[in-house]
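Asks: Predicted structure and sequence below. I'll ask about it afterward.
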Amino acid sequence: MQGAIPDAPRWGEILEVFRSRVNQQQFNTWFSRLTPLSITEELARLAVPNIFSRDWLNNYYLPVIREGIKAVLGTEPAVEIAVVESAEVVPTTPDRAGEPPPPAPPATASFAPDQSGLRRNPRYPNFVSDVVLNDHYVFDAFVVGPSNKLPHAASLAVAEQPALAYNPLFLHGSVGLGKTHLLQAICRTLLERRKDMKILYLSCEFFVNHFISAVKGGDLREFRNRYRRADMLLIDDINFLARKEQTQEEFFHTFNALYSSGKQIVLSSDSPPKDIPTLEERLVSRFRWGLVAEIEPPDFETRILIVKRKSRLRGHEFADDICEFVAERFTGNIRELEGAVLKIFSVADLLKKAPDLGVARDALRPLLSAGRRKITVDRIIAEVTRYYEVRQADLQSRRRSKSIAFPRQVGMYLARRLTDHSLEEIGGYFGGRDHTTVIYATEKINRLWNRDRKFKEELEALIREIEG
Ligand code: ADP
Ligand code: MG
């Protein structure tokens, strides 16, 4: 963290005490970025990068912090946690350290955040959100491929010409494929270019909770005013409206008010409008007025590009063989790809080596081989032939008829997923096919897996069989 100088004596030892009192994950999340500003006998001033960490530490971990300091320094100073520097947001109410509340320009007062949990971003006074914008979620960092070309182009168009290009823009796709990234990229672009635009960017969960508390508190008018004053409303994960009829009704009116006054609306969802359970028909039809665009799981080439890009962003672009190694094995979503990249960097760090293929194999082995050691391709073939009622000899033959080709593709897919064999080896098991055939098969089945819920369930059952 910039700004905080870890100058307190024996801070390292104090950290070790913290580490011994909480579990690894808690330590990483809450303590690893905690730094001392100054520690005297009376007062320990510590810093964290954001208010979430500060509040969380204040609420749950003060005893641990006090104990840690006492154990090492033998003193019991009061503990004060400040938000320092890189913090993007400022608290909406004055905090304990006495920071002033954020300025609220009179002209936009009615748009200003309040006690509800909405925050204002000091860099962008016209931006109100319950979420902290991620600096990495910008268009420049978004890798475009066939799977996300349309949603990407549509998002760019909205950022160029709000309310004129597509309204509403409805992005859907399963988790970890870049919906939030695109929504935030739209926000970021407009915040930089159009300082006058009032942008409201919310998680759907926030909208729902805010609505419920407005109803309870009897200040619905307040609630409505706020939402209808935005020039652009983006709601992430709108599928959260499922089974919340009252909020749907309210959102319907919000939507109409904004839409009819020419304001841009952008929504994201894990499924297309018609598949959101119990979503009112009139909302379904409105969501389709503009453009509904699906983000699909990235194909092999795009995954390679993503791994390349992510590694470059972290300061060391991986060689092609590592990128392919990762892209072959992590076929689901982009967050997994990112996780793999991080893992490789952390193991390389540990080994004090530059990331190479060997490091990548070591780093990812635990992620890849959990519980898969016993699974052999033979076992997969046995289960697949049983399930699809085909003969093993056919599966391993060169016959191309559909009734054989499909189970064979499933077999290759499962072998990729459940074993550590290389593409070539897998091709060998299935009648001497080359690696491109194996890639083609796995991509195809992967797409089906993501699209077709029933197929996915069948395959999951089959996997359970194979895993015994
Ligand atoms: P979603 O909202 O669809 O669940 P996110 O937008 O949170 O997914 O994306 C998950 C992670 O993957 C984020 O870190 C995001 O930056 C990254 N990501 C997603 N799509 C891309 C892409 N096309 N290029 C680069 N990074 C991406
Ligand atoms: Mg998201």
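Replies: In hand now; what should we look at? Ligands and ions are numbered 1, 2, ... in the order given.
Asks: For the stretch 1-150 of the chain, give me the ranges with low pLDDT.
Replies: Using pLDDT under 70 as the threshold, the predicted model of the stretch 1-150 of the chain has low-confidence ranges 1-8, 85-116.
Asks: Please enumerate the strands of it.
Replies: Using DSSP state E, counting those that start in this stretch, the strands of the stretch 1-150 of the chain run over residues 35-39, 43-48, 78-83, 119-121, 124-129.
Asks: Can you check which of those gets nearest to ligand 1?
Replies: Smallest distance to ligand 1 across the strands of the stretch 1-150 of the chain (C-beta to the nearest ligand atom): 14.9 Å, for strand 124-129. Backbone N, C-alpha and C define where each C-beta goes, glycine included.
Asks: Each with direction, which strands does that closest one pair with?
Replies: Using DSSP bridges, the strands paired with strand 124-129 are strand 119-121 (antiparallel), strand 199-203 (parallel).
Asks: export the ones you listed to TSV and tack on distance to ligand 2?
Replies: As requested, the strands paired with strand 124-129 are exported to TSV (distance: least, C-beta to the ion, whole Å):
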stretch	distance to ligand 2
strand 119-121	18
strand 199-203	9
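Asks: Make a markdown table from the ones you listed and add distance to Ser285 and mean neighbour count to it.
Replies: As requested, these are exported to a markdown table (distance: least, C-beta to C-beta, whole Å; neighbours: other C-beta atoms under 10 Å):
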| stretch | distance to Ser285 | mean neighbour count |
| --- | --- | --- |
| strand 119-121 | 33 | 21 |
| strand 199-203 | 22 | 23 |
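Asks: Tell me how many other residues crowd Thr460.
Replies: One thing to correct before we go on: residue 460 is Glu, not Thr. Residues near Glu460, counting by other C-beta atoms under 10 Å, number 11.
Asks: Tell me the spacing between it and ligand 1.
Replies: According to C-beta to the nearest ligand atom, to the nearest Å, Glu460 and ligand 1 sit 21 Å apart.
Asks: Where does that residue fall, secondary structure wise?
Replies: helix 453-467 (DSSP states H and E).
Asks: Can you list the buried residues in that helix?
Replies: Neighbour-count burial for helix 453-467, counted by 16 or more other C-beta atoms under 10 Å, picks out Leu459, Leu462, Ile466.
Asks: Report the contact partners of the first one.
Replies: What it means is Leu459. Applying C-beta atoms under 8 Å, 6 or more residues apart in numbering, one finds that Leu459 lies in contact with Val410, Leu414, Ile445, Trp449.
Asks: List only buried entries from those residues.
Replies: Buried residues within these, defined by neighbour count using 16+ other C-beta under 10 Å: Val410, Leu414, Ile445, Trp449.
Asks: for ligand 1, what are the nearby residues on the stretch 301-450 of the chain?
Replies: Proximity of the stretch 301-450 of the chain to ligand 1 (C-beta under 6 Å from any ligand atom) is limited to residues Ile306, Ile334, Arg335, Glu338.
Asks: Would you enumerate the residues in contact with the spatially closest residue to Phe251 that is not a sequence neighbour?
Replies: Taking C-beta to C-beta, 6 or more residues apart in numbering, and ignoring the residues beside it in sequence, Phe251 has Leu241 as its nearest neighbour in space, at 6.4 Å. When contacts are counted by C-beta under 8 Å, 6+ apart, Leu241 is found next to Cys204, Val208, Thr247, Gln248, Phe251, Ile276, Leu279, Leu283.
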